[in-house]
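**Student:** All I have is the shape, not the residue letters:
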């Protein structure tokens, strides 16, 4: 089965990648339309930046930034998979009511109530490895064995989700590139991604334009080549979903990988 492409839609004024305010509905809809034309299978809509030192916002503000976009996108593209990038229960609930198919929870501490909410709507959830303290999600943790600890964390969360009634098909894991990890941790994670495939659920990789991919002094737009290379490495390791800012170029990588695999 070919990997799916998740296009990142930032409805925020402080995205590390988009920069300028992106919370204009028509601008965001145009980006959704372009991403779909470029090959995105999933649109991941987020209203709160998770970049380092971003200012936290309330659930009300997050909904004000995203809910109209979700509702309009669902009407405009009834067949597209919509994801809400949030770790707040009220936001997740309203988004699910509005038609999203997936909750992308990067908190590292999804509440059992979040699992039950996703189950009630027959949706899917992305569980991300992160610092369990949301206020310090980018503070690097002290790992004795990075791969084993991330894998154990995700295995525990999968078990909790299953106990709340979710099936393996509804659960997606993300090892959390850039969250509570330094440059060396991120590269080690990328080199050992195949170990997470033994957990029996789909694997999402989100490393698009992240700082660890760059050389000193490079800005986010300069990380496209490294991002595409890293995503190819992720495909070789069995990634099921690639979360990206560049769907068109990523589609070419996926197509090349698929043809390569077909001729092994």
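**Tutor:** Arrived safely, thanks for sending. Nothing here was measured: the structure is a model prediction, and the numbers come from that model.
**Student:** Report all helices and strands that the longest strand along the chain contacts.
**Tutor:** As assigned by DSSP state E, the longest strand anywhere in the chain is strand 4-10. Counting contacts by 3 or more Cβ pairs under 8 Å, 6 or more residues apart in numbering; DSSP states H and E, strand 4-10 packs against helix 25-38, strand 42-46, strand 241-244, helix 247-262. All C-beta atoms are positioned from the backbone trio N, CA, C, and that covers glycine.
**Student:** Any chance of JSON lines for these, columns distance to residue 56?
**Tutor:** Shown next, in JSON lines, are the helices and strands packed on strand 4-10 (distance: least, Cβ to Cβ, whole Å):
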{"stretch": "helix 25-38", "distance to residue 56": "21"}
{"stretch": "strand 42-46", "distance to residue 56": "14"}
{"stretch": "strand 241-244", "distance to residue 56": "22"}
{"stretch": "helix 247-262", "distance to residue 56": "29"}
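**Student:** next one: phi and psi at residue 215?
**Tutor:** Phi and psi for residue 215, reported as degrees, to the nearest 10, are phi -90, psi 160.
**Student:** Let the chain start at 96 from now.
**Tutor:** Okay, using 96 as the starting number, the last item reads as residue 310.
**Student:** so how far is residue 284 from it?
**Tutor:** 19 Å (Cβ to Cβ, to the nearest Å).
**Student:** if you count what's nearby, which of these two comes out ahead?
**Tutor:** residue 284 (23 against 8; other Cβ atoms under 10 Å).
**Student:** Work out for me the element that one sits within.
**Tutor:** helix 278-286 (DSSP states H and E).
**Student:** and that helix, what's its mean pLDDT?
**Tutor:** Averaging pLDDT along helix 278-286 yields 97.
**Student:** I'd like the next helix or strand past it.
**Tutor:** That would be, after helix 278-286 and using DSSP H and E, strand 297-300.
**Student:** Sheet partners, orientation included, of that next one?
**Tutor:** strand 266-269 (parallel), strand 336-339 (parallel) (DSSP bridges).
**Student:** Of those strands, flag the one that's most buried.
**Tutor:** strand 336-339 (a mean of 27; mean count of other Cβ atoms under 10 Å).
**Student:** Out of the helices and strands packed on strand 99-105, which one sits most buried?
**Tutor:** strand 336-339 (a mean of 27).
**Student:** Point out where the stretch 196-345 of the chain drops to low pLDDT.
**Tutor:** 229-230, 315 (pLDDT under 70).
**Student:** which stretches of it form helices?
**Tutor:** For the stretch 196-345 of the chain, the helices defined by DSSP state H, counting those that start in this stretch cover 207-215, 241-258, 278-286, 319-331, 342-357.
**Student:** Which of the residues in the first one are classified as buried?
**Tutor:** Neighbour counts using 16 or more other Cβ atoms under 10 Å place 209-210, 212-214 of helix 207-215 among the buried residues.
**Student:** Can you tell me which of those residues is closest to residue 299?
**Tutor:** Lowest distance from residue 299 to those (Cβ to Cβ) belongs to residue 213, with 15.0 Å.
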